[in-house]
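Peer 1: Provide a 3D model corresponding to the input given below.
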Amino acid sequence: MSFFHGLLGHSHEDGHGHMPRYREGEPKTTSVFVVSFFLLGATATFQTGIAVFSGSVSLLSDAFHNIADALTGVPLWIAFSLAGRQPTRRYSYGYGKFEDLAGILIVGLILSSAIVSLVRSIERFVHPQVFHHPGWVALASVTGFLGNEAVAFLRIRAGRKTGSVSLVADGQHARVDGFASLSVLVGVAGSVTGYPIVDPVVGMLLGFSILLIAVRMIRDVGMHLSDGIEPETLDRIRHAAMDSGSVLSVSRARARWMGHSISCDLCLVLDDQSSLEDAAREGRLAEERIRKALPFTGDVLVVVAPAGGERPSPP
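Peer 2: Modelled structure (predicted):
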């Protein structure tokens, strides 16, 4: 005899609709943004000053890129701060989506820096000039690398501790930017050896790399805002939920990004002879397995249904 009566929903929350794990690292994360802002801001200011009196457009491109990166920390810091607030009747899912809205502003800043870099570099390519003080330009290039590497270390470490994949990705982006800063040394070598055309070429390459980053961000931000999810992430949720001999199948699995956390809901199908206690246990264990497989998981809703019963259909 089956002990199912309808369906059993299962979800662990803190009483306010948010998972405690989602907010536990927020204070440390916001401090990372503040430190990153000042590090990149100081680096970009130093590079801009050297670029102006030396005339190196490749260094100017790198400085604009670092300025944009420093400014992107401002909307992200605001978004992360809002994400830690309690849900309200108006925002019953919380404020995680503000992180994705901040992404729109970030894309605009990066696109602007790419356009300025490309325009300046093309102008200097058409009218090449030997820039002055190559030693200072080389120093500014190395400074750019060190500043970005420090920011990369801070963001990646904080992202891994808080489960923020966006913060880890931002740190990896900063690491790539550090090596891009070192490419300015190629322009220095060209200027010293009598090939001033190398400097604007490096500037254009940096400008195009910034443009490609913006295009990739447009894709990612658009997917998050439209509740898209990476197929491999959904597969991990399904596999984690199915990793039990008592679960016959997963008839439905859905997930979406809420800022730097993933919310998901799924329906487990159990044998008709399973008791209500069995269903409750399997729902709880499935949630635990999902959280272990995806440490950055936020809200989890597990619905359990009998194999022969009526299964819930997606709304």
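Peer 1: quick check, Pro128 in a strand?
Peer 2: No - remark: Pro128 does not belong to a strand; assigned using DSSP: H, G, I helix; E, B strand; the rest coil, it is coil.
Peer 1: wait, doesn't it sit right on Val198?
Peer 2: No - look at Pro128 against Val198 with CB atoms under 8 Å: they stay out of range, at 9.2 Å. The way it works is simple: take the backbone N, C-alpha and C, and place the C-beta from them, glycine included.
Peer 1: Give me the secondary structure label for the residue nearest to Val201 when sequence neighbours are not counted.
Peer 2: Closest residue to Val201 apart from its sequence neighbours, by CB to CB, 6 or more residues apart in numbering: Phe125 at 6.8 Å. Here Phe125 is recorded as helix under three-state DSSP.
Peer 1: now do Val269
Peer 2: Three-state assignment for Val269 (three-state DSSP): strand.
Peer 1: That one contacts Pro306, doesn't it?
Peer 2: Yes - between Val269 and Pro306 a contact is recorded at 7.4 Å, counting by CB under 8 Å.
Peer 1: What pairs with the longest strand anywhere in the chain, parallel or antiparallel?
Peer 2: Assignment by DSSP state E gives strand 247-258 as the longest strand of the chain. Strand 247-258 pairs in its sheet with strand 261-270 (antiparallel), by DSSP bridges.
Peer 1: Would you list the phi and psi of Phe296?
Peer 2: phi -90, psi 20 (degrees, to the nearest 10).
Peer 1: For it, grab the count of nearby residues.
Peer 2: 20 (other CB atoms under 10 Å).
Peer 1: just to revisit the earlier point, from Gly96, how far out is the residue nearest to Val201?
Peer 2: Computed with CB to CB, to the nearest Å, the distance linking Phe125 and Gly96 is 44 Å.
Peer 1: now Glu282
Peer 2: 28 Å.
Peer 1: Does anything pack onto the helix or strand where His65 lies? Which helices or strands?
Peer 2: His65 belongs to helix 57-83 when assigned by DSSP states H and E. Under the contact definition 3 or more CB pairs under 8 Å, 6 or more residues apart in numbering; DSSP states H and E, helix 57-83 sits against helix 26-54, helix 98-126, helix 134-162, helix 165-182, helix 184-192, helix 198-225.
Peer 1: May I see the buried residues of the shortest one?
Peer 2: For helix 184-192, a neighbour-count test (16 or more other CB atoms under 10 Å) marks Val184, Leu185, Val186, Gly187, Val188, Gly190, Ser191 as buried.
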